[in-house]
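Could you work out the structure for the sequence below:
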Amino acid sequence: MERVRAAKRAPGDDPLFALTPEDLNTLWEKEKAQSRIQANPRDSTIPCCVTTRKTDNGYARLHIPAEMRKKYPSMPDYGNGGKNNMRVFAHRLVLLATGRRPERSTCDASHLCGNASCIEPTHLVWERHPVNMDRHGCHVHGWFEVCPHTPPCLARVPFQEPDRP
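The predicted model follows:
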């Protein structure tokens, strides 16, 4: 039996953009109910709102329920086998549900706290992919003595002098 591969999404082709503010709020309220406050793993003074749902790479995902999907017949299926339960990233949902739309459709939802499972609205911003990736210099690698990002990263690993021969 041949396996069918899920279609790749085009940049900015996120099904969340099709949802009404009311439906975004419904999903956000349900997600908040299944989350808890937890200290950031890099800085225990920063409280993150962590969802109980995770994927292998640590990012929270949720399903758009079938009854909600039926209201949006043009919403693409992306190889879900017709199950009508599209999985989407929770941190993108949070930004849209709190009224923040990206300036361009290809923006990433970026975690200022560096915690992939965090869905705290004040820890999330839309930004271009290279800026989002550059935050790893603060969150993971300790490349910068002072955070160069705007808005600044909330949690950072200590600066590490590069090894010089």
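
Which of the three states applies to Val131?
helix (DSSP: H, G, I helix; E, B strand; the rest coil).

per-residue pLDDT, it?
We have a pLDDT of 93 for Val131.

In this structure it contacts Ser110, no?
Yes. Here Val131 reaches Ser110: they are 7.2 Å apart, a contact under Cβ atoms under 8 Å. For the C-beta atoms, the positions are set from N, CA and C on the backbone; glycine is no exception.

the more surrounded of these two?
Between Val131 and Ser110, Ser110 has the larger neighbour count (other Cβ atoms under 10 Å), namely 24 against 15.

which residue ranges form the strands in the chain?
Assigned by DSSP state E, the chain shows strands spanning 35-39, 47-51, 61-63, 87-89, 108-111, 124-127.

Run through who's touching stretch 92-102.
Stretch 92-102 is contacted from outside by 14, 16-17, 19, 21, 24-25, 27-28, 31, 62, 109, 119, 121, 124-126, using Cβ atoms under 8 Å, 6 or more residues apart in numbering.

before we move on, back to that, in a markdown table, list the strands of the chain along with distance to Gly137 and mean pLDDT.
Output for the strands of the chain, formatted as a markdown table (distance: least, Cβ to Cβ, whole Å; pLDDT from 0 to 100):
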| stretch | distance to Gly137 | mean pLDDT |
| --- | --- | --- |
| strand 35-39 | 22 | 89 |
| strand 47-51 | 20 | 89 |
| strand 61-63 | 26 | 81 |
| strand 87-89 | 22 | 81 |
| strand 108-111 | 13 | 93 |
| strand 124-127 | 14 | 95 |
